[in-house]
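S.K.: Next one to model:
(one chain, ligands or ions: 2)
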Amino acid sequence: MNSIPLIDFACLKHSDANLRAAEIKKLDQACREVGFFYLTNTSIDTSVMSLLQRAAERFFTLPQEEKESIDIKHSLNHRGYGQIGEEQLDEISQADWKETFDMALDFPLDHALAQKYPTMYGPNQYPSKASIVEALQEYYVAAFDVSQVVLKAMAEALALESNFFTQCFKNHVTVLRMIHYPPRPEESHTNGAGAHTDYGCITLLLQDDVGGLQVKNRQGEWTDAIPIKGSLVVNIGDLMQRWTNDEYVSTAHRVIAPLKEVHRYSFPFFVEPDYETNVKCVESCQSKEKPAKYAPILSGDWIQSRFDATYAYREKESL
Ligand SMILES: O=C(O)CCC(=O)C(=O)O
Ligand SMILES: [Fe+2]
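M.R.: Ligands and ions are numbered 1, 2, ... in the order given. Coordinates of the predicted model:
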């Protein structure tokens, strides 16, 4: 049995208040008990999803040289292409067997925020093919809309003003990533992406039909998050866990590398608020019996500290 609950996006937006309230309750329970759920019936057109999949297939088959011309190593604000071995999510002996491409909102270098926080705000590094860029941008806009509906529902579930979270997304640093998991290099190399939790608020993941994503359940067992066509897998990140005083849980997950001749593509959308968002325990998650566990922190400072721990090239830079 699949232990990851299904939440119906259409119900989260429904005009019937009772239907909506019932779905928000289910959402709240999923965030507290599992930290993962499938989001079905989203507003993202399936053609926008397929275009993104095709864009990824085309991008990752470009000559290595072309991909490396926009290597994330050249980008202070981590945009662009990440080679196999660039990001290591778990300190295990097997490298993460994946290559990546990251994009976010584009800020010119002379923008005040890019000047103040150059490692977080700045320009994208795009591939030269316009159709790939268009597919990315179209998906980014559609996924962002979905994320805001989910965050409104979460705010309501937590007895907050419905715009409590969404008001922190004016100059946000939400990242759309494309990931290509090539076939494992040898039978014993099972690691596609090491066990980790996500840093941000929430992540919306689009995956193809290959499978391989696993989620750690409360009993400490790895369970498969099998692909459900057209749906997104949504999970709580560390920032949201901190914001909610551990009421909403950021759950560990990993990816098993595909078998011989199989290529997997996935598209996490890491929903992360404005750098200067003050992440301070929300009212409804603290009490005399359960005081706030974490000191307030700026969202960007938190995300930066987590980045530094996972990127090989950054470690080398700081040596
Ligand atoms: O590829 C996947 O299914 C998950 C990727 C992931 O967890 C991540 O990049 O944070
Ligand atoms: Fe993740």
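S.K.: for ligand 1, what are the nearby residues on this protein?
M.R.: Residues of the chain found near ligand 1 (Cβ under 6 Å from any ligand atom) are Ile179, Ala193, Asp198, Leu205, Gln207, Leu213, His253, Val255, Ser266, Pro268. In short, each C-beta sits where N, CA and C put it, glycine included.
S.K.: show me the contacts for the fourth one.
M.R.: Right, the one you point to is Leu205. Residues in contact with Leu205, defined by Cβ atoms under 8 Å, 6 or more residues apart in numbering, are Leu213, Leu232, Val233, Val234, Asn235, Ser266, Phe267, Pro268, Phe269.
S.K.: Would you check which pair of the residues of the chain next to ligand 1 lies furthest apart?
M.R.: With Cβ to Cβ as the measure, no two of the residues of the chain next to ligand 1 lie farther apart than Asp198 and Gln207, at 14.6 Å.
S.K.: The stretch 51-200 of the chain: strands as residue ranges?
M.R.: Counting by DSSP state E, counting those that start in this stretch, the stretch 51-200 of the chain has strands at residues 80-82, 99-103, 175-181, 191-196.
S.K.: Excluding its own residues, what touches the shortest one? List them.
M.R.: The list of residues contacting strand 80-82 from outside it, by Cβ under 8 Å, 6+ apart, reads Lys67, Glu68, Ile70, Asp71, Ile72, His74, Glu99, Thr100, Phe101, Asp102, Asn124, Gln125.
S.K.: Which PyMOL command selects the buried ones in the residues you listed?
M.R.: Remark: buried members of the contacts of strand 80-82, expressed as a PyMOL selection using 16 or more other Cβ atoms under 10 Å:
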select buried, resi 67+70+72+99+100+101+102+124+125
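S.K.: pLDDT for the contacts of strand 80-82 - can I get that in JSON lines?
M.R.: Below are the contacts of strand 80-82 laid out as JSON lines (pLDDT from 0 to 100):
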{"residue": "Lys67", "pLDDT": "98"}
{"residue": "Glu68", "pLDDT": "97"}
{"residue": "Ile70", "pLDDT": "98"}
{"residue": "Asp71", "pLDDT": "97"}
{"residue": "Ile72", "pLDDT": "96"}
{"residue": "His74", "pLDDT": "94"}
{"residue": "Glu99", "pLDDT": "97"}
{"residue": "Thr100", "pLDDT": "98"}
{"residue": "Phe101", "pLDDT": "98"}
{"residue": "Asp102", "pLDDT": "98"}
{"residue": "Asn124", "pLDDT": "98"}
{"residue": "Gln125", "pLDDT": "98"}
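S.K.: Mind putting the contacts of strand 80-82 into a markdown table with distance to Gly35?
M.R.: Shown next, in a markdown table, are the contacts of strand 80-82 (distance: Cβ to Cβ, whole Å):
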| residue | distance to Gly35 |
| --- | --- |
| Lys67 | 33 |
| Glu68 | 36 |
| Ile70 | 33 |
| Asp71 | 33 |
| Ile72 | 28 |
| His74 | 35 |
| Glu99 | 27 |
| Thr100 | 23 |
| Phe101 | 26 |
| Asp102 | 23 |
| Asn124 | 30 |
| Gln125 | 32 |
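S.K.: Closest one of the contacts of strand 80-82 to Ser299?
M.R.: Closest approach between the contacts of strand 80-82 and Ser299, by Cβ to Cβ: Asp102, at 17.8 Å.
S.K.: so that closest one touches Arg79, yeah?
M.R.: Yes: Asp102 lies in contact with Arg79 (Cβ atoms under 8 Å); the separation is 5.4 Å.
S.K.: Among the residues of the chain next to ligand 1, which lie within strands?
M.R.: Counted as lying in strands by DSSP state E, out of the residues of the chain next to ligand 1, are Ile179, Ala193, Leu205, Gln207, Leu213, His253, Val255, Ser266, Pro268.
S.K.: Kindly indicate whether Phe37 is helix, strand or coil.
M.R.: Following DSSP: H, G, I helix; E, B strand; the rest coil, we place Phe37 in the strand state.
S.K.: Quick check: bridge partners of it?
M.R.: Val234 (DSSP bridges).
S.K.: Which parts of the stretch 151-300 of the chain are helices?
M.R.: 238-243, 299-310 (DSSP state H, counting those that start in this stretch).
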